[in-house]
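Asker: Attaching a predicted model along with its sequence, questions to come.
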Amino acid sequence: MVSYQLNPKFIDWESEESYIFINPKISKEEQKLIKLNDIPKDPGGIWVGSSGTTTQNSFKLIGLPKNSFLNSARAVCEHLKVTENDIWLNVLPRFHVGGLSVEARSFVSGCKVNLKRQSKFIAQDFTDLIVKANVTLTSLVPTQVFELVKNNIQAPKSLRVVLVGGGELSDHLYAQAIALGWPIVVTYGMTEACSSVATSKLTDIF
């Protein structure tokens, strides 16, 4: 019988073990809407919450096969030329598909992942960690890019790609970040597609 682990610390990408990832800070009312016993017992699946889909009567969980995560990860790694020598700093939450996708990309490429767990994104701390760990890749949302620009922080030299998705990145903010040396690659994705759907080219960085 298939069972599910809730918010596990480690993902076994090659097993038939299944997982559920939800925000541990959701309200008790929202927790009551998640009926774990009603989730289909499919082996090798990962269930994640879809942001903005909580209604008065339901909490939307989306089931995704591990293989779909890995296929998406391989495509992204090929596009970004990720190798085992890269180090990916992941500041995105694991209960969203963007955060989990970084772990899948690490698995298929052999690159290291540095996990930073903070209740609030602090731009200078984030940048200091990139320098300290010699990070080459990271993923951000536009609000985090805004914090970097607002604080006039220059990009560390080790960084070669910053994937930005999860919302619209304005042309003005993009230009400001590029002027500070942040090598931004814009991506569009959705939970149902295991993160990325379309990503700009590395040659678009200027």
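Answerer: Looks like it arrived, so ask away.
Asker: CA atoms for contacts and neighbours, from now on please.
Answerer: OK.
Asker: Have a look at this structure and report its longest helix.
Answerer: helix 66-80 (DSSP state H).
Asker: Show me which positions of that helix end up buried.
Answerer: 66, 68-70, 72-74, 76-77, 80 (16 or more other CA atoms under 10 Å).
Asker: what's the model's confidence in stretch 155-173, averaged?
Answerer: What stretch 155-173 shows for mean pLDDT is 93.
Asker: coming back round to it: how about the buried residues of helix 66-80 in CSV, adding distance to Lys25 and pLDDT?
Answerer: Shown next, in CSV, are these (distance: CA to CA, whole Å; pLDDT from 0 to 100):
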residue, distance to Lys25, pLDDT
Lys66, 25, 93
Ser68, 27, 90
Phe69, 25, 91
Leu70, 28, 94
Ser72, 28, 91
Ala73, 28, 93
Arg74, 31, 94
Val76, 30, 92
Cys77, 31, 93
Leu80, 33, 93
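Asker: Show me what the longest helix of the chain packs onto, helices and strands only.
Answerer: Secondary-structure packing of helix 66-80 (3 or more CA pairs under 8 Å, 6 or more residues apart in numbering; DSSP states H and E): helix 97-109, strand 195-199.
Asker: Recalculate using a threshold of 10 Å.
Answerer: strand 45-49, helix 97-109, strand 195-199 (3 or more CA pairs under 10 Å, 6 or more residues apart in numbering; DSSP states H and E).
Asker: any idea of the angle the second one forms with helix 66-80?
Answerer: So the one you mean is helix 97-109. 80 degrees (axes from the mean of the first three to the mean of the last three CA atoms, to 10 degrees).
Asker: tell me how far helix 97-109 is from the chain's mean position?
Answerer: 7 Å (CA atoms, centre = their mean, to the nearest Å).
Asker: can you give me the helices for this structure?
Answerer: 28-33, 66-80, 97-109, 123-133, 142-150, 171-179.
Asker: Nearest to Ser195, out of those?
Answerer: Distance to Ser195, taken as CA to CA, is lowest for helix 97-109 among the helices of the chain, at 5.7 Å.
Asker: Give me the below-cutoff pLDDT ranges for the chain.
Answerer: Across the chain, the ranges flagged by pLDDT under 70 are 1-3, 30-38, 50-59, 117-118, 193-194, 197-198, 201-206.
Asker: Widest-spaced pair of the buried residues of helix 66-80?
Answerer: Greatest spatial distance in the buried residues of helix 66-80: Lys66 and Leu80, 21.0 Å, computed using CA to CA.
Asker: Name the residues that touch stretch 165-177?
Answerer: Outside stretch 165-177, the residues that touch it by CA atoms under 10 Å, 6 or more residues apart in numbering are 98, 139-143, 145-146, 148-150, 152-155, 164, 178-179, 181-190, 195-196, 199, 206.
Asker: try 8 Å
Answerer: Identification of contacts with stretch 165-177 by CA atoms under 8 Å, 6 or more residues apart in numbering yields 139-142, 145-146, 148-149, 184, 186-189.
Asker: Of these, which is the nearest to Lys25?
Answerer: Taking the contacts of stretch 165-177 together and measuring to Lys25 by CA to CA, the closest member is Val141, at 19.8 Å.
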